[in-house]
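**Student:** generate a structure from the sequence data that follows.
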Amino acid sequence: MAIARLDGAEIYYEARGKGTPILLLPGLGRGTSYFDAIEPVLRRDFQTIVVDPRGIGRSSRTETLVTAEEWADDFAQLIRHLDLPSAHILGSSHGGSMAMAMALRHPPVVASLLLFGAFSELDRFIVLNMDLRIRLAKKLGMGEDLRDFISLWTFGHEGLEKPGVDKFLEAQLTAVKLHTPESYANICRSLLHWGRRLPGQEGEPVVTSLLHRIKCPTLVACGGLDFWIPAKFSKIIAKAIPHSVYVDMPECGHIAVRDDPEGSARIIKEFLGGKRLAQVG
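**Tutor:** Now for the predicted structure:
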């Protein structure tokens with residue numbers, strides 16, 4: 001557990017284990033606890049680095065919007081701060097946005113991309129969901145109502161029936177309470193910014209059109225039960241990044257690294273080990 005003092009921010013991180021480093025980038029508004037299920041599994045074979053992104057948890061707090069690109073700059077600095085030549089970058093959900101931004105802006109420090117439930121563009125469904133989250137945060141505050149709304153989309157029907165889900169719901173509530181309505185609204189706007197859906201971004205090309213520039217090995221995985229960011233978005237990424245591999249995880253919802261940590265870790269280990277994975281879609 002440590003604080004890296006970087007240009008413009010202090011980033012809280014935890015580095016554990018030995019071996020090839022994997023930097024784990026969490027989903028919307030979350031920090032290190034996002035990876036509580038898979039981090040101990042990955043630590044058997046890799047050095048794991050989990051973080052609180054700037055504006056979240058124990059890192060520098062801010063009430064202003066931080067973009068995925070700015071988070072990517074922070075994490076590239078963190079890798080250099082740790083005297084690492086590069087790291088594998090695992091990004092889940094909006095963490096996948098940060099990971100892709102790293103590959104686009106700082107390719108030398110990205111050994112590979114490991115994307116779970118990621119997206120490079122948005123549709124109206126997701127935009128409306130984000131707009132509603134912002135309104136709920138402002139009207140209802142940062143408590144169980146917002147936690148439950150978020151959980152319905154990220155867990156889904158099957159996920160909420162799984163054993164042990166209560167501890168993840170409790171962690172989600174803790175994470176929600178760390179934010180103010182305005183800081184959470186800006187985190188939601190960060191996702192909209194990545195999707196080029198904020199006012200003033202109408203003429204900007206979607207990130208999908210940039211992904212052909214990514215040359216590192218890339219794994220794209222998506223839960224078959226993910227109806228928040230469904231598989232079509234992962235398939236868009238896999239089609240756009242040259243020589244990427246797409247894997248479907250049929251029994252998982254939006255956060256596959258939590259729903260099936262052993263299976264997710266196995267896929268990662270096999271991919272990084274050069275084993276040919278079955279491609280779906």
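**Student:** tell me the buried residues in stretch 129-149?
**Tutor:** Judged by neighbour count (16 or more other C-beta atoms under 10 Å), stretch 129-149 contains these buried residues: 129-130, 133-134, 136-137, 142, 146-147, 149. Yep, even glycine has a C-beta here, placed from its N, CA and C like the rest.
**Student:** okay if I get these as JSON lines plus distance to Thr32 and pLDDT?
**Tutor:** Formatted as JSON lines, those follow (distance: C-beta to C-beta, whole Å; pLDDT from 0 to 100):
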{"residue": "Asn129", "distance to Thr32": "25", "pLDDT": "96"}
{"residue": "Met130", "distance to Thr32": "24", "pLDDT": "97"}
{"residue": "Arg133", "distance to Thr32": "22", "pLDDT": "96"}
{"residue": "Ile134", "distance to Thr32": "25", "pLDDT": "97"}
{"residue": "Leu136", "distance to Thr32": "25", "pLDDT": "96"}
{"residue": "Ala137", "distance to Thr32": "22", "pLDDT": "96"}
{"residue": "Met142", "distance to Thr32": "19", "pLDDT": "95"}
{"residue": "Leu146", "distance to Thr32": "21", "pLDDT": "95"}
{"residue": "Arg147", "distance to Thr32": "18", "pLDDT": "95"}
{"residue": "Phe149", "distance to Thr32": "23", "pLDDT": "94"}
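**Student:** how about the residues you listed in CSV, adding distance to Ser183 and secondary structure?
**Tutor:** Listed next are those as CSV, based on distance: C-beta to C-beta, whole Å; DSSP: H, G, I helix; E, B strand; the rest coil:
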residue, distance to Ser183, secondary structure
Asn129, 18, helix
Met130, 15, helix
Arg133, 13, helix
Ile134, 11, helix
Leu136, 14, helix
Ala137, 9, helix
Met142, 9, coil
Leu146, 13, helix
Arg147, 16, helix
Phe149, 17, helix
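**Student:** out of these, who's nearest Leu277?
**Tutor:** Distance to Leu277, by C-beta to C-beta, is smallest for Asn129 among these, at 30.7 Å.
**Student:** excluding its backbone neighbours, what's nearest the closest one?
**Tutor:** Once flanking residues are discounted, Asn129 sits nearest to Trp153: 6.8 Å by C-beta to C-beta, 6 or more residues apart in numbering.
**Student:** and what of Leu65?
**Tutor:** For Leu65, ignoring the flanking residues on the chain, the nearest one in space by C-beta to C-beta, 6+ apart is Asn186 at 4.3 Å.
**Student:** tell me the contacts of the residue positioned nearest the centre of the chain?
**Tutor:** The chain has Gly95 as the residue nearest its centroid, 1.9 Å off, counting by C-alpha atoms, centre = their mean. Contacts for Gly95 (C-beta atoms under 8 Å, 6 or more residues apart in numbering) come out as 24-27, 34, 118.
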